[in-house]
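# Sequence and predicted structure are below.
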Amino acid sequence: MTKKIFRGLTIAYIIGLGAILGASIYAGAVVAPNTFHSEIFLGKEILSRFQEGLIMTNNFQKLGYFVNFMVFFVLFYEAIKWKNFESDRWSLISAFLFISSGLLFSSFYILSIVEMQQRGEGVTSSKIFENMHFASELDFKIFTVATLALLILNLKKALR
């Protein structure tokens, strides 16, 4: 791969990491709190917790498409760096965390939560659902931290 092409790929990679980081933070810090506390903005409780959860799940399903795209982009880009002996330990660790937590989020947690929601409101108020939801939140936080680490590490190298 020529240096010019790799430079363009690096720019796209950094922009993609920044975009997924921004989307992740926005989803967790703005969308989720507003969705799950709609009564504050609407003046009264119009939606049940279950309905708010359905809306939030739909948002995360759509975010999952972008997560999957970036998982494959990170895998591709970091493999090129590794092949060219340009990788370091922290980039590999961050890429592994990004890929594994991203795939867990989009291919396991979202699907499991959707399946539980399809069984009805009673299932989503169970302890099993609460544990699954907590684990998905923890996974998404790991994903966000790994994204930030990859972004910082690659910006540092790109700005040399």
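Cool, got the structure. Note that the structure is predicted; figures quoted are calculated from it, not measured. Numbers count the residues shown, from 1 in each chain.

# what helix or strand is the residue lying closest to Leu155 once chain neighbours are set aside on?
Distance criterion CB to CB, 6 or more residues apart in numbering; nearest residue to Leu155, sequence neighbours excluded, is Ile14 at 6.1 Å. For every residue, glycine as well, the C-beta is placed using N, CA and C. Taking DSSP states H and E as the criterion, Ile14 maps to helix 3-26.

# For that helix, which helices and strands make contact with it?
Counting contacts by 3 or more CB pairs under 8 Å, 6 or more residues apart in numbering; DSSP states H and E, helix 3-26 packs against helix 49-83, helix 127-158.

# List the buried residues of it.
Phe6, Thr10, Tyr13, Ile14, Gly16, Leu17, Ile20, Leu21, Ala23, Ser24 (16 or more other CB atoms under 10 Å).

# Could you do stretch 135-144 as well?
Neighbour-count burial for stretch 135-144 [16+ other CB under 10 Å]: Ser136, Asp139, Phe140, Ile142, Phe143, Thr144.

# can you list the residues that contact stretch 27-45?
With contacts defined as CB atoms under 8 Å, 6 or more residues apart in numbering, stretch 27-45 is touched by 46-47, 49, 52-53, 55-56, 59-60, 63, 140-141, 144.

# For that stretch, what is the distance to the chain centroid?
In terms of CA atoms, centre = their mean, to the nearest Å, the centre of stretch 27-45 is set 20 Å apart from its chain centre.

# For that stretch, measure first residue to last.
Terminal residues of stretch 27-45 are spaced 22 Å apart (CA to CA, to the nearest Å).

# got the buried residues for it?
Those would be Ala27, Val31, Ala32, Thr35, Ser38, for stretch 27-45 by 16+ other CB under 10 Å.

# quick one: which two of the residues you listed are the most distant?
Farthest pair in the buried residues of stretch 27-45 (CB to CB) is Ala27 and Ser38. Separation: 16.0 Å.
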